[in-house]
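K.L.:
Provide a 3D model corresponding to the input given below.
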Amino acid sequence: MAQVSKFGYFLLHSSLPKPSNIQFRSLLTVLASSSKRHRRKSTTPKPMEVKEESSSFNKRRAEGRDKNDISKKNLLLKVRKLNPINTISYVQILGTGMDTQDTSPSVLLFFDNQRFIFNAGEGLQRFCTEHKIKLSKIDHIFLSRVCSETAGGLPGLLLTLAGMGEEGMSVNIWGPSDLKYLVDAMRSFIPNAAMVHTKSFGPISNIDGPIVQCQSKLLDPIVLIDDEVVKISAIILQPNCIEGQLLTPSESSSRKRMDHNLETLDSPNGKKLSAAKPGDMSVVYVCELPEIKGKFDPEKAKALGLRPGPKYRELQLGNSVKSDRQNIMVHPSDVLGPSVPGPIVLLVDCPTESHLEALLSVQSLASYCDQTDNQPEAGKSVTCVIHLTPSSVVSCSNYQKWMKKFGSAQHIMAGHEKKNVEIPILKASARIATRLNYLCPQFFPAPGLWSLPNHNSSKFGCLASSEGSFSELSEVISAENLLKFTLRPYAHLGLDRSCIPTTAASSEIIDELLSEIPEVLEAVRHVSQLWQECSQTKEDLTPVADHGMMIEEPWLCANGIPACLENIRRDDLEIVLLGTGSSQPSKYRNVSSIYINLFSSGGLLLDCGEGTLGQLKRRYGVTGADDAVRTLRCIWISHIHADHHTGLARILALRCDLLRGVPHEPLLVVGPRQLKRYLDAYQRLEDLDMLFLDCKHTTAASLEAFEDDFPGNSVNSRNLNNNNGDLIASKVDSTLFARGSRMQTYFKRPGSPVDKDVVSPILKKFKEVIQEAGLKALISFPVVHCPQAFGVVLKAEERTNTVGKVIPGWKIVYSGDTRPCPELIEASGGATVLIHEASNYLMLFELLTI
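P.N.:
Take a look at the predicted model:
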């Protein structure tokens, strides 16, 4: 569906005078589009009957009558005809996380008819969309670890593939035994058919207990794929578990979690062992391409009595044939030149120093290393090593000594490094941000992520340490986005920088904008003048005569601004729209997420789609984003659809890391009931340190029911457990869905019983969190979308000005995803800011009138 934005944003009563006759709306539309040379316009008209059918379907959808219109898809696993010759093959770096360092980089292994991706962190879809990398051609996805850092983009990717074509697509997903925990977690919101091809390997953990490390055969390679195209093996690494031998954890906050998750157990021989929990295992992948057969020599074939024809091909395929003129068998070695060993690529993810000890003890990798005579075992020479290891581990002398064992292999450092951090991953989005910042810097902060005048990654000199250096390793470089290492054809073996995106300074982007739209200069002057007039004094905002405001309304001040904004300060409230796109991440927009910055009182997140952490870091910088995550008071999720919550685990895991060792309370997460099943399953992988509250307990009717006759606004557990408990629950359940919605009866089937002893303290904590954030209320209300979909109202506490006048608090309303419904109209009354769904067709415009 073509659309500008998923959400519409309205300041219901603006204090700013009307702009001049400059058409800002069309101007912003041009600014938000890429330059003409980057756009493609479709000239193929759609048949009228197709439009009418689409119109009819969407009208039924808006009216809630589309339940049986779409047949269920039987997702197909792609089967491609293999090409053993593979004229083209390479490995390519995707999304190294240079500007935000919020996710693990991905690596693409490309063949003529097969594609393999290693790791699928958040933002992978946006990156691939911008650079026209077709994810629909991916056959296999491999995870080096199973955690939010390496698999944050996997749920969205699976849903995208499931929606492609008439029948949808599915892929093979490989990972250590922890993969089953991730799959169990995603079943809450991803069709089962999209995950039936998950394949885990390695040691199996107890159902409810940790994984007890067993070194026997643990470090032996596990062959995952072995065909005529490639052989891919996995070597599992686990932290050293003998008590007292755990090494210092990595300095990287995203890696610290692994060592702290180790528990101590007694082994049969009396030694103290540490039990690794799910999420601790890391994988080294070995990709071996078949050897390149020698060149066929027709002169030798003729000398052996062979006539040109089919037997030549049989010999090239490796089969022996009988001579046409002589009574002998001719073997391939008789007519073929010497074979060239196939390239070998290693992908190494060693997240902590504890994993490093396991890596150093892997004997199976010795056959790929230089031997005492400086020659590796025949046919086992490693061509390229891609390091996903963080710099804090790479700088260890033991790791550097291990790297030197591979001789002349090309080392590509793709972990989170300090080099090139000024280069944005999403260049198209950064380009738009630069344009908008030029127009109105007060509303649109500059990206500040453009490249330095001269950056050279040919040498990897940023990780030298006092313990060791890379002086003896000449073939070590920092990874860059879209950097390739060619494997086939063999004549081009080596690095290929031709696809690395070019960088542009902000001044170049502004010059390009002014050449395209000269009227921007007048718009900039007008915006600057407008802002200066409004900033002269906080008390004196002179309304324009034709402003058209109903100043006689009691909640408005005499100067025409809402009373709740009287004397408001810059550090009272900030609404940051982190994502305004539709259900899939796009080139220019991230999926749904809104950050409510309350400054000294903390902050809240309303929805938390994939890439939310990256957007926070692009807005506030790495340090500022860490502070925002650290001071979060609450995360509110509107419904179970993946584009609204798949960034949640990454945020929770980071907060847990940032506050480790510091006294703190679990973060309150308010969301639909299905979300709790996902988070409970995911917590077996990572410590999320959160407290969950069902959205239905935060509706107005629910809060009223639970607080009837409760003195002091505290939750009384006696009333929750008395004989009226079922009556209260019935009263609450009757308000869960918007009036007239078919979802009103969808969830009236029996569900899991509510443990009121558990709900009572959580509701009490909920009220404490709201008060600490300076809010008077956080109230959810049902909307018409999917089962248990909600919108939310935030109300601020009243304030008293310098003369003792009581100033009402502001009110923010967020609709989430919804069709037009009376609940949203009712909740929006008196709102200061309304953020509402805007994914609608023009043909349904009459239904949107409020």
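K.L.:
use CA for all of it now, contacts and neighbours both
P.N.:
OK.
K.L.:
what's the closest non-adjacent residue to residue 574?
P.N.:
Spatially, and ignoring its direct neighbours in sequence, residue 574 is nearest to residue 597 (4.9 Å; Cα to Cα, 6 or more residues apart in numbering).
K.L.:
give me the beta-bridge partners of the one you found?
P.N.:
On the basis of DSSP bridges, residue 597 is bridged to residue 574, residue 603.
K.L.:
doesn't residue 368 make contact with residue 383?
P.N.:
No - contact criterion Cα atoms under 8 Å: residue 383 and residue 368 do not qualify, at 9.8 Å.
K.L.:
Longest helix in this protein, please.
P.N.:
helix 612-630 (DSSP state H).
K.L.:
counting contacts, what elements does it pack onto?
P.N.:
Under the contact definition 3 or more Cα pairs under 8 Å, 6 or more residues apart in numbering; DSSP states H and E, helix 612-630 sits against strand 574-579, helix 648-658.
K.L.:
so which of these comes closest to residue 175?
P.N.:
In terms of Cα to Cα, the element of the helices and strands packed on helix 612-630 nearest to residue 175 is helix 648-658, at 18.6 Å.
K.L.:
which residue ranges form the strands in the stretch 251-400 of the chain?
P.N.:
For the stretch 251-400 of the chain, the strands defined by DSSP state E, counting those that start in this stretch occupy 263-266, 272-276, 282-288, 321-322, 329-330, 344-348, 384-387.
K.L.:
The fifth one pairs with which strands, and in what direction?
P.N.:
Right, the one you point to is strand 329-330. Assessed with DSSP bridges, strand 329-330 is paired to strand 321-322 (antiparallel).
K.L.:
Residues in contact with the partner strand: which ones?
P.N.:
311, 314, 315, 328, 329, 330, 331 (Cα atoms under 8 Å, 6 or more residues apart in numbering).
K.L.:
Show me the two of these that sit farthest apart.
P.N.:
Longest span within the contacts of strand 321-322, Cα to Cα: 314 and 328, 15.8 Å.
K.L.:
Name the nearest residue to residue 322, ignoring sequence neighbours.
P.N.:
Closest to residue 322 by Cα to Cα, 6+ apart is residue 329, at 4.4 Å.
K.L.:
what's the neighbour count on the one you found?
P.N.:
12 (other Cα atoms under 10 Å).
K.L.:
So for it, what's the pLDDT?
P.N.:
Looking at residue 329, its pLDDT is 93.
K.L.:
what does the one 10 residues further on give?
P.N.:
According to the prediction, residue 339 has pLDDT 83.
K.L.:
swap in residue 25?
P.N.:
For residue 25, pLDDT reads 48.
K.L.:
what separates residue 293 from residue 588, distance-wise?
P.N.:
Using Cα to Cα, to the nearest Å, one gets 46 Å for the distance from residue 293 to residue 588.
K.L.:
of the two, who's got more company?
P.N.:
Legend: neighbour count by other Cα under 10 Å for residue 293 and residue 588, higher for residue 588 (22 against 19).
K.L.:
Between helix 648-658 and the helix or strand where residue 681 lies, find me the angle.
P.N.:
Element membership for residue 681, per DSSP states H and E: helix 673-682. On the basis of axes from the mean of the first three to the mean of the last three Cα atoms, to 10 degrees, helix 673-682 is oriented at 50 degrees to helix 648-658.
K.L.:
Which elements pack onto helix 673-682?
P.N.:
helix 179-186.
K.L.:
can you give me the mean pLDDT across the helix it packs on?
P.N.:
Averaging pLDDT along helix 179-186 yields 84.
K.L.:
ok and that helix relative to helix 673-682, angle-wise?
P.N.:
170 degrees.
K.L.:
Please pull up the helix or strand immediately following helix 179-186.
P.N.:
strand 198-201.
K.L.:
And that next one, what's buried?
P.N.:
Judged by neighbour count using 16 or more other Cα atoms under 10 Å, the buried positions of strand 198-201 are 198, 199, 200, 201.
K.L.:
Is it correct that residue 779 is in contact with residue 790?
P.N.:
No - with contact defined as Cα under 8 Å, residue 779 does not reach residue 790; the gap is 9.8 Å.
K.L.:
Show me which of the two is the more surrounded one.
P.N.:
Remark: of residue 779 and residue 790, residue 790 carries more neighbours, 32 against 22, as counted by other Cα under 10 Å.
K.L.:
Without its sequence neighbours, what residue ends up closest to that one?
P.N.:
In space, residue 790 comes closest to residue 782 once its chain neighbours are excluded; the distance is 4.4 Å by Cα to Cα, 6+ apart.
K.L.:
Okay, angle between the next helix-or-strand element following the helix holding residue 681 and helix 648-658 too, please.
P.N.:
Remark: after helix 673-682, the chain's next helix or strand is strand 690-694, criterion DSSP H and E. Interaxial angle, strand 690-694 versus helix 648-658 (the same axes, to 10 degrees): 140 degrees.
K.L.:
Number the residues from 872 up from this point.
P.N.:
With 872 as the first residue, the last one maps to strand 1561-1565.
K.L.:
Show the secondary-structure elements that strand 1561-1565 is packed against.
P.N.:
Looks like strand 1561-1565 contacts strand 1538-1542, helix 1627-1643 (3+ Cα pairs under 8 Å, 6+ apart).
K.L.:
now the angle from that strand to helix 1627-1643?
P.N.:
Going by the same axes, to 10 degrees, strand 1561-1565 makes 100 degrees with helix 1627-1643.
K.L.:
and strand 1561-1565, which strands flank it?
P.N.:
In the sheet, strand 1561-1565 lines up with strand 1538-1542 (parallel) (DSSP bridges).
K.L.:
quick one: the helices in the stretch 1072-1221 of the chain?
P.N.:
1124-1131, 1169-1174, 1181-1187, 1203-1206 (DSSP state H, counting those that start in this stretch).
K.L.:
what is the mean pLDDT for the first one?
P.N.:
What it means is helix 1124-1131. On average, helix 1124-1131 scores 39.
K.L.:
One more: the shortest one?
P.N.:
For helix 1203-1206, the per-residue pLDDT values average out at 90.
K.L.:
Other residues contacting that helix?
P.N.:
1167, 1168, 1169, 1171, 1172, 1186, 1187, 1189, 1190, 1191.
K.L.:
Show me which residues of that helix are buried.
P.N.:
Applying a neighbour-count criterion of 16+ other Cα under 10 Å, one finds 1203, 1204, 1206 buried in helix 1203-1206.
K.L.:
Over to residue 1034: give its phi and psi.
P.N.:
With angles defined as degrees, to the nearest 10, residue 1034 shows backbone torsions of phi -90, psi 0.
K.L.:
still on that earlier bit, next structured bit after the longest helix of the chain?
P.N.:
strand 1503-1507.
K.L.:
Kindly report the domain assignment for this structure.
P.N.:
953-1161+1212-1291+1326-1367, 1169-1206, 1414-1719 (automatic domain parsing).
K.L.:
what distance separates the start and the end of stretch 1274-1283?
P.N.:
Taking Cα to Cα, stretch 1274-1283 runs 11 Å from one end to the other.
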